[in-house]
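>>> build me a model from this:
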Amino acid sequence: MIGPLATVALISAIMFTTWALYVTLVEHPARLESGSGPARAQFQASYRRAAPWQASFALLACVTGVATAYLSGRWPWLVGAAAVGAVVPFTLIAVRPTNQALLGATPLQDTETRLLLERWGRLHTARTLLGAAGVLAFLLALGQP
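Model (predicted):
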């Protein structure tokens, strides 16, 4: 049986990853089909709503994963926490410049908007993969005696 911290870590990592996967596979490709101007407008509205949720789930999974690793002595909890937690600095360092360009009020040419959105999609896929790695590590930890 896993404790409450482990349960919160696993559920938070699953929530982060599921939402990120939906954006990667469904929302962002659909956004790109709508044309550069409408895609940017939809991105801005979606991002402002999703970012606090995604960051909260990633941070919660990280903190509770580290605590579970400490209390259980099981290293996969720490690996999972590091993977999901890595989403935050990755976003602040690698994704933020793209976010700022897309979220800003500065008019962009259609070509520039498209390139930024495509770049954002690739970067978001990396975040999705980090979340998935965290979930897998947490599931591995559950299988340890």
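>>> the biggest helix by length in the chain: how far from the chain's middle?
In the chain, taking DSSP state H as the definition, the longest helix is helix 36-72. Its chain's average C-alpha position is 5 Å from that of helix 36-72, according to CA atoms, centre = their mean, to the nearest Å.
>>> over to stretch 24-36?
Averaged C-alpha coordinates place stretch 24-36 at 17 Å from its chain's average position (CA atoms, centre = their mean).
>>> what's the first-to-last distance across that stretch?
Terminal residues of stretch 24-36 lie 18 Å apart, using CA to CA, to the nearest Å.
>>> cool, and stretch 83-97?
22 Å.
>>> other residues contacting it?
12-13, 16-17, 54-55, 58-59, 61-62, 65-66, 99, 120, 123-124, 126-127, 130-131, 133-135, 137 (CB atoms under 8 Å, 6 or more residues apart in numbering). Any C-beta I mention is one placed from the backbone N, CA and C, and that applies to glycine too.
>>> any weak-confidence spans in the chain?
Along the chain, segments meeting pLDDT under 70 span 1.
>>> the helices in it, which residues?
Using DSSP H, helices in the chain cover 4-22, 28-33, 36-72, 75-85, 87-90, 96-103, 110-142.
>>> return the distance of the first one from the chain's centre.
Relative to the centre of its chain, helix 4-22 is centred 10 Å away, using CA atoms, centre = their mean.
>>> relative to residue 60, how far out is residue 48?
For residue 48, the distance to residue 60 equals 20 Å [CB to CB, to the nearest Å].
>>> more neighbours: which of the two?
The residue with more neighbours, out of residue 48 and residue 60, is residue 60; 18 against 10, by other CB atoms under 10 Å.
>>> my read is that that one contacts residue 12, right?
Yes - contact status for residue 60 versus residue 12: in contact at 4.2 Å, counting by CB atoms under 8 Å.
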